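In: Sequence isn't available, so here's the structure alone:
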């Protein structure tokens with residue numbers, strides 16, 4: 001089983017991928033799960049919007065879409081990330097691109113772990129989990 005990163009329709013490349021994937025593994029293990037086949041696909045706005053329309057019937061841009069293929073405690077899935085929207089969000093939230101990339105990767109994994117963000121309470125919980133993992137990961141991530 002493995003965590004892999006793919007790139008489609010974008011020139012962006014993760015820096016320090018090994019350390020980043022260790023962070024993702026820690027998030028999964030902390031929830032009492034094990035990683036299975038987990039794919040992160042970095043793409044552009046247009047591609048992610050097409051996926052959003054086709055599979056979720058949402059006609060708008062987004063930063064991340066998660067497809068859950070879990071099998072019991074084994075986390076399997078595909079997490080599509082629009083680097084275009086992530087770049088815009090990093091500027092809007094005044095954070096580094098690297099930090100915002102890690103946030104959306106964690107966000108996608110949290111969805112696979114059963115967290116949702118449809119209600120305001122769920123959004124607050126999801127944001128708190130993202131913030132906690134970003135803080136725990138700061139030393140590793142900022143050293144890259």
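Out: Now that the structure is in, tell me what you want to look at. Given the structure is predicted, the values throughout are model-derived calculations rather than measurements. Numbering: from 1, shown residues only.
In: hey, let's count contacts and neighbours off CA atoms from now on
Out: Will do.
In: name the element the residue nearest the centre of the chain belongs to?
Out: The C-alpha lying nearest the average C-alpha coordinate of the chain belongs to residue 105 (C-alpha atoms, centre = their mean; 1.9 Å). Using DSSP states H and E, residue 105 falls within helix 97-112.
In: Check which helices and strands that helix sits against.
Out: Secondary-structure packing of helix 97-112 (3 or more C-alpha pairs under 8 Å, 6 or more residues apart in numbering; DSSP states H and E): helix 17-30, strand 64-68, strand 74-82, helix 83-92, helix 120-142.
In: Pipe these into JSON lines and attach mean neighbour count, distance to residue 58 and mean pLDDT per row.
Out: Formatted as JSON lines, these follow (neighbours: other C-alpha atoms under 10 Å; distance: least, C-alpha to C-alpha, whole Å; pLDDT from 0 to 100):
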{"stretch": "helix 17-30", "mean neighbour count": "16", "distance to residue 58": "27", "mean pLDDT": "92"}
{"stretch": "strand 64-68", "mean neighbour count": "19", "distance to residue 58": "11", "mean pLDDT": "98"}
{"stretch": "strand 74-82", "mean neighbour count": "23", "distance to residue 58": "15", "mean pLDDT": "98"}
{"stretch": "helix 83-92", "mean neighbour count": "17", "distance to residue 58": "16", "mean pLDDT": "98"}
{"stretch": "helix 120-142", "mean neighbour count": "14", "distance to residue 58": "19", "mean pLDDT": "87"}
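In: could those be laid out in a markdown table, adding distance to residue 10?
Out: Compiled in a markdown table, these are given as follows (distance: least, C-alpha to C-alpha, whole Å):
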| stretch | distance to residue 10 |
| --- | --- |
| helix 17-30 | 17 |
| strand 64-68 | 15 |
| strand 74-82 | 9 |
| helix 83-92 | 8 |
| helix 120-142 | 22 |
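In: Secondary structure of residue 9: a helix, I assume?
Out: No: counting by DSSP: H, G, I helix; E, B strand; the rest coil, residue 9 is not found in a helix; it is coil.
In: Isn't it up against residue 41?
Out: No: contact between residue 9 and residue 41 fails when scored by C-alpha atoms under 8 Å: they sit 10.0 Å apart.
In: host element of the closest residue to residue 49 other than its chain neighbours?
Out: Excluding the flanking residues, the one nearest residue 49 by C-alpha to C-alpha, 6 or more residues apart in numbering is residue 61, at 5.1 Å. For residue 61, there is no host helix or strand (DSSP H and E).
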